[in-house]
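Asks: need a 3D model of the following:
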Amino acid sequence: MSQNVEILQKKRTRIGIFKFRESILTIVIIGLGGVLSLLTPYFLTSSNISAVLIGLSAEGLVTIGMVMVMIAGEIDLSVGGIMALSSVVAGALFLSGVNIWLSAVVGFVLGALSGFVNGWLVGTRKINSFIITLAMMGMTRGIAYILTQGSPLAIGGVPKLFESFGGGDILGIPIFALIFLSCAVVGEFCLRKVKPFREFYFVGSNVTSARLTGIDVGKTKMRVFILSAMLASLAGILTLSRFLVATPITGTGVELRAIAAAVIGGTSFSGGEGTILGAVLGVLIVNLINNALILLNVSVYWQSFVNGLLLLVVVLIDNFTQKRSQ
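Replies: Reported below is the predicted structural model:
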């Protein structure tokens, strides 16, 4: 019990740190936006801002799930593969004559089931989440390649309503972005106020203490992996709605960018710490950097290098922060 109280006290003392970090990230975003507007006049155009918002939305949905998984002290590398699986299954079913809405539901459910398998193996069988989700990443993307034979599946004739979720807007704001922001707000509220979500912090901080307080650690970890998979599946379906093309390369590398965004926003690799608000700011920073590289005509190879370097830097920062806190 005393361990549990100690965890709560540590968490409360870090609230100010989180607020400070989020304030710094906001300043960085404003500064980065100012520099980019000076370097290229196209940056502040409505079309580019809309493109940035749509571009970060799928990654943002995945990052919300990644934050929850990392808070619980685990990692999920399967999110990109689940994105591809849900998108390809929905697209393939539609092309075979199934209603697009039913196709989307089936794709979403299969993605969620992948998360259930992850959660069951990690939470109940106590197998390392890195290994399990790495294997799931290979299997889900492999199924996507099998279904498409490596070729993109273009879908046409879908209802305008379905198409609008990925490509439409309300008052100039992309619907895709509104869905992402809505999920972020709901997720942040749940982490702060809803008991089953707050348990992620206890489990990630100290598994033994969590068990002593009556928390079912196995079910909690299963729940967090299912949530992560559901958000990745939603991102895959909305990506299909946006491009009207189902491809097995959907979501490639998104897991690394999601981890980078989460850590930039204050989520710890060791578990027990993190906020969705901080992660949203992290997603925005990562995508602003990528947008800057595109606008400045930087080679795609350098973009990959910068993303890898960014991940390395945030890992080192997290390691340094953890040592300082100890």
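Asks: tell me the buried residues in the strand or helix carrying V89?
Replies: Taking DSSP states H and E as the criterion, V89 maps to helix 79-95. By neighbour count on 16 or more other CB atoms under 10 Å, the buried set for helix 79-95 is 79-94. (Each C-beta comes from the backbone N, C-alpha and C, glycine too.)
Asks: ok, of those residues, which one's closest to L53?
Replies: Distance to L53, by CB to CB, is smallest for M83 among the buried residues of helix 79-95, at 18.4 Å.
Asks: can you tell me the closest non-neighbouring residue to the closest one?
Replies: G251 (3.2 Å; CB to CB, 6 or more residues apart in numbering).
Asks: biggest separation within the buried residues of helix 79-95, which pair?
Replies: V79 and F94 (22.9 Å).
Asks: was I right about P159 contacting I100?
Replies: Yes - under the criterion of CB atoms under 8 Å, P159 makes contact with I100 at 6.5 Å.
Asks: using the three-state scheme, assign the residue nearest to G55 when sequence neighbours are not counted.
Replies: Counting by CB to CB, 6+ apart, the nearest residue to G55 once its immediate chain neighbours are dropped is N287, at 6.0 Å. The three-state assignment at N287 reads helix, by DSSP: H, G, I helix; E, B strand; the rest coil.
Asks: OK, contacts around N287?
Replies: The contact partners of N287, taken as CB atoms under 8 Å, 6 or more residues apart in numbering, are 52, 55-56, 59.
Asks: residues contacting G150?
Replies: For G150, the contact set (CB under 8 Å, 6+ apart) comprises P248.
Asks: mind starting the numbering at 37 from now?
Replies: Taking 37 as the first residue, the last one we looked at is G186.
Asks: gap between it and S139?
Replies: To S139, G186 is 21 Å away according to CB to CB, to the nearest Å.
Asks: next one: F238
Replies: Distance from F238 to S139, by CB to CB: 39 Å.
Asks: with V230 instead?
Replies: Relative to S139, and taking CB to CB, V230 is found at 31 Å.
Asks: all strands of the chain, in order?
Replies: In the chain, the segments counted as strands under DSSP state E are 189-190, 205-206, 209-210, 281-282.
Asks: looking at those strands, which one is packed in the most?
Replies: Highest mean neighbour count of the strands of the chain: strand 281-282, a mean of 22 (counted as mean count of other CB atoms under 10 Å).
Asks: give me the contacts around that strand.
Replies: With CB under 8 Å, 6+ apart as the criterion, strand 281-282 contacts 123-124, 126-128, 184, 188-191, 276.
Asks: let's see 6 Å
Replies: Outside strand 281-282, the residues within contact range by CB atoms under 6 Å, 6 or more residues apart in numbering are 123-124, 127, 188-190, 276.
Asks: bridged to D205, which residues?
Replies: Beta-bridge pairing for D205 (DSSP bridges): P210.
Asks: relative to L149, how far out is the closest residue in space to G101 that isn't next to it in sequence?
Replies: Distances taken as CB to CB, 6+ apart place S264 nearest to G101, at 3.3 Å, with adjacent residues excluded. To L149, S264 is 13 Å away according to CB to CB.
Asks: the two: which is more packed in?
Replies: With neighbours defined as other CB atoms under 10 Å, S264 and L149 compare such that S264 has more, 31 against 15.
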